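>>> kindly return the folded structure for what I paste below:
(4 chains)
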2 protein chains.
Amino acid sequence: MANLNSNGCVDCRKRSDMFKNLNPGELEHVDMCRVKMHYNVGEMIFKQGSPCYDFVCVTSGLVKLYVENGSDRRLIIGFAKPVDYIFVPGAYVDKRHHFSAMACEETTACLVEAEIIQGLIKTKPDFSYQSISKISAQAINLFEQLTNLTQKQMPGRMADMLINLSTKVYESNPFFTHLSRQDFADLSGMTKESAIRVLKIFKDDGLIKIEGDLIHILDMPRLEGISRNG
Amino acid sequence: MANLNSNGCVDCRKRSDMFKNLNPGELEHVDMCRVKMHYNVGEMIFKQGSPCYDFVCVTSGLVKLYVENGSDRRLIIGFAKPVDYIFVPGAYVDKRHHFSAMACEETTACLVEAEIIQGLIKTKPDFSYQSISKISAQAINLFEQLTNLTQKQMPGRMADMLINLSTKVYESNPFFTHLSRQDFADLSGMTKESAIRVLKIFKDDGLIKIEGDLIHILDMPRLEGISRNG
DNA sequence: CTGCTTTGTTGATATAAATCAACACCGGCA
DNA sequence: TGCCGGTGTTGATTTATATCAACAAAGCAG
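Numbers count the residues shown, from 1 in each chain, chains lettered A, B, ... in the order given. I've put the predicted structure just below:
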């Protein structure tokens, strides 16, 4: 991994699109305030409610982003994968994290001081326009999640979740995943038991096939139908 | 109303904070591409799925923002009131609206060509930083709505909704509202019948008092407790 | 290897919430 | 005036989903 960015941000082959219009001087500035981190599976990158000092750019692995209630329930609102820069809205509001980030696979990430990024937004119009575009796309995703989770029942929510995993997160079918049944439940707003039951129905109906960590979507059109019709 | 901005944006007393750091020349540019509109109760300002050409700044009245499924259910994701500039994330992604906006009271609004606003974002770092701050606050609201709607049951959702109406939307207690029971239901993710039942329980328990369009919150601490504990 | 913890699975039961149905109330309108 | 469509209200019933309980399977530590 080290050789991929041995010369820092300037030559980093895993650089996020976000930084493509910065000049070498600006990149070096980012580079100087950058810390490279490694996280094991299950390790927390930041926790909801904690102060935010750094912005996180995922360079390898997979990170789940989730909100938690006071109670024991969680809701996964998205994933960050290489090369995603995790947008932290709290940085612009109250300097607190409003969701938690945890590594679901072995993950490496670069941390950059929030001040640096915010400085770029204030001075580089191009950079800030790109930021707004990214945030906008995330907001649209949140709208979709809201309708999905509140206006569909379990099979619809699960179908939608599986389609998203295959097309957006892992971008393959079949796909390998280390997500637990609890994660599946936290993604589709139900209990672990219910998630297992719905998956079983899908398996029995020939919609999907599960072989350990490998999930095949066998009948995408029908799964899309279930997602649409709730 | 007309006298409030007879000289256009430059002297408009209802001007959004967003525009406070623009110089007169820039304001005049905005002014030239501005259309003043009036909407009656129930009239749609824009509809989910339609192309977006203009940005909307509400100068009087109240606007509800909601997402709709293919089915007949809606979910109100927020309100815009004077002087709110409605952020349209689709403008930065696919030039489509991803939620609908409808007047819940007699409403006036200024429409400004999206290009003009996007031009400002590209040229005025200050303006774009403010935009990002606003969008961030909205995103945080969406997170709260997500946990609220998916991890609480009906009394908790309704309590949260009432507190929000009183503290954020109408900013008074008691507050007058022209929202229907269906709107209450669409705000708290339940059916109209369920909304009525929960409100009745709250009334019987002495938490609130409803006199026509006037709603009193009588026991805020207890309502907050219900909101927290689901 | 053995015990132990975590994760996955299944069935029985309880309960939250939607649906269905009926009707009261009100405002506009013929 | 009386009809009529929308809104509000209530009760009975059904259904979706959580909860509870028991156990199997898999990883891990001693």
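
>>> does A:R13 belong to a helix or a strand, and which?
If you go by DSSP states H and E, A:R13 is not part of any helix or strand.

>>> cool, A:V58 as well?
Using DSSP H and E, the element containing A:V58 is strand A:54-60.

>>> which strands or helices does that strand pack on?
strand A:84-86, strand A:107-113, helix A:114-123 (3 or more C-beta pairs under 8 Å, 6 or more residues apart in numbering or on different chains; DSSP states H and E). The C-beta positions use only the backbone N, C-alpha and C, and glycine is treated the same way.

>>> adjacent strands (with direction) for the following helix or strand past the shortest one?
Beyond strand A:84-86 on the C-terminal side, the first helix or strand identified by DSSP H and E is strand A:100-103. Using DSSP bridges, the strands paired with strand A:100-103 are strand A:44-46 (antiparallel), strand A:63-68 (antiparallel).

>>> mind checking what helix or strand follows the last one in sequence?
Elements were assigned by DSSP H and E; along the chain past strand A:63-68, the next helix or strand is strand A:74-80.

>>> just the mean pLDDT for that following strand, thanks.
The average pLDDT within strand A:74-80 is 96.

>>> coming back round to it: tell me which of the helices and strands packed on strand A:54-60 sits nearest to B:S60.
When those are compared by C-beta to C-beta, helix A:114-123 sits nearest B:S60, at 32.4 Å.

>>> and the angle from the helix or strand just after the closest one to helix A:114-123?
Next in sequence after helix A:114-123, counting helices and strands by DSSP H and E, comes helix A:125-151. Helix A:125-151 runs at 110 degrees relative to helix A:114-123, counting by axes from the mean of the first three to the mean of the last three C-alpha atoms, to 10 degrees.

>>> go through helix A:125-151 and flag the buried ones.
Going by neighbour count (16 or more other C-beta atoms under 10 Å in any protein chain shown), the buried part of helix A:125-151 is A:125, A:127-132, A:134-143, A:145-151.

>>> circling back to that earlier point, compare the helices and strands packed on strand A:54-60 and give me the one nearest DNA strand C.
Go through the helices and strands packed on strand A:54-60 one by one with C-beta to the nearest atom of the strand and the one that ends up closest to DNA strand C is strand A:107-113, at 17.2 Å.

>>> and the contacts of that closest one?
Strand A:107-113 is contacted by residues A:1, A:9, A:30, A:33-39, A:45, A:53-63 when judged by C-beta atoms under 8 Å, 6 or more residues apart in numbering or on different chains.

>>> so what strands line up beside that strand?
strand A:34-39 (antiparallel), strand A:54-60 (antiparallel).

>>> shaky segments in chain A?
Low-confidence segments of chain A, defined by pLDDT under 70, are located at A:1-7.

>>> just grab the bridge partners of the most centrally placed residue in chain A for me.
Nearest to the geometric centre of chain A sits A:F79, at 1.4 Å (C-alpha atoms, centre = their mean). Beta-bridge partners recorded for A:F79 (DSSP bridges): A:K64.

>>> DNA strand C contacts on chain A?
For chain A, the residues in contact with DNA strand C (C-beta under 7 Å from any atom of the strand) are A:S180, A:R181, A:Q182, A:K192, A:E193, A:I196, A:R197, A:L199, A:K200.

>>> for the third one, helix, strand, or coil?
Using DSSP: H, G, I helix; E, B strand; the rest coil, the structure places A:Q182 in helix.

>>> so what's A:Q151 up against?
A:G230, B:N69, B:S71, B:R73, B:L75.

>>> I meant A:L199, not that one.
Applying C-beta under 8 Å, 6+ apart, the residues near A:L199 are A:M158, A:R181, A:F184, A:I208, A:I210.

>>> show the buried residues in those residues.
A:M158, A:F184, A:I208.

>>> quick one, domains of chain A?
What automatic domain parsing lists as the domains of chain A is A:2-147, A:152-228.

>>> first-to-last residue distance for stretch A:206-221?
12 Å (C-alpha to C-alpha, to the nearest Å).

>>> so does that stretch get close to DNA strand D?
No. Judged by C-beta under 7 Å from any atom of the strand, stretch A:206-221 stays clear of DNA strand D, getting no closer than 8.0 Å.

>>> stretch A:160-179 too?
No. Contact of stretch A:160-179 with DNA strand D is not found when judged by C-beta under 7 Å from any atom of the strand; the minimum separation is 10.9 Å.

>>> contacting residues around that stretch?
A:41, A:62, A:64, A:79, A:81, A:104-105, A:148, A:152, A:184, A:187-188, A:202, A:208-209, A:213-217, A:220, A:223-224, A:227.

>>> let's see 7 Å
Stretch A:160-179 is touched from outside by A:79, A:81, A:104-105, A:148, A:184, A:187-188, A:208, A:213-217, A:223-224, A:227, with contacts defined as C-beta atoms under 7 Å, 6 or more residues apart in numbering or on different chains.

>>> got the CA coordinates for it in PDB?
In PDB, the C-alpha atoms belonging to stretch A:160-179 read as follows (Å, rounded to 0.1, in the frame of the first residue of the first chain):
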ATOM      1  CA  ASP A 160     -33.800  -2.300  -2.100                       C
ATOM      2  CA  MET A 161     -30.900  -2.900   0.200                       C
ATOM      3  CA  LEU A 162     -29.600  -5.900  -1.700                       C
ATOM      4  CA  ILE A 163     -29.900  -4.100  -5.000                       C
ATOM      5  CA  ASN A 164     -27.900  -1.200  -3.500                       C
ATOM      6  CA  LEU A 165     -25.200  -3.400  -2.100                       C
ATOM      7  CA  SER A 166     -24.800  -5.100  -5.500                       C
ATOM      8  CA  THR A 167     -25.000  -2.000  -7.800                       C
ATOM      9  CA  LYS A 168     -23.600   0.800  -5.600                       C
ATOM     10  CA  VAL A 169     -21.400  -0.600  -2.800                       C
ATOM     11  CA  TYR A 170     -19.700  -3.800  -4.100                       C
ATOM     12  CA  GLU A 171     -20.500  -3.100  -7.800                       C
ATOM     13  CA  SER A 172     -20.700  -6.700  -8.700                       C
ATOM     14  CA  ASN A 173     -23.100  -9.700  -8.800                       C
ATOM     15  CA  PRO A 174     -22.500 -12.000  -7.100                       C
ATOM     16  CA  PHE A 175     -20.700 -10.000  -4.400                       C
ATOM     17  CA  PHE A 176     -18.600 -10.900  -1.400                       C
ATOM     18  CA  THR A 177     -19.600  -9.300   1.900                       C
ATOM     19  CA  HIS A 178     -18.400  -9.500   5.400                       C
ATOM     20  CA  LEU A 179     -21.600  -7.700   6.700                       C
END
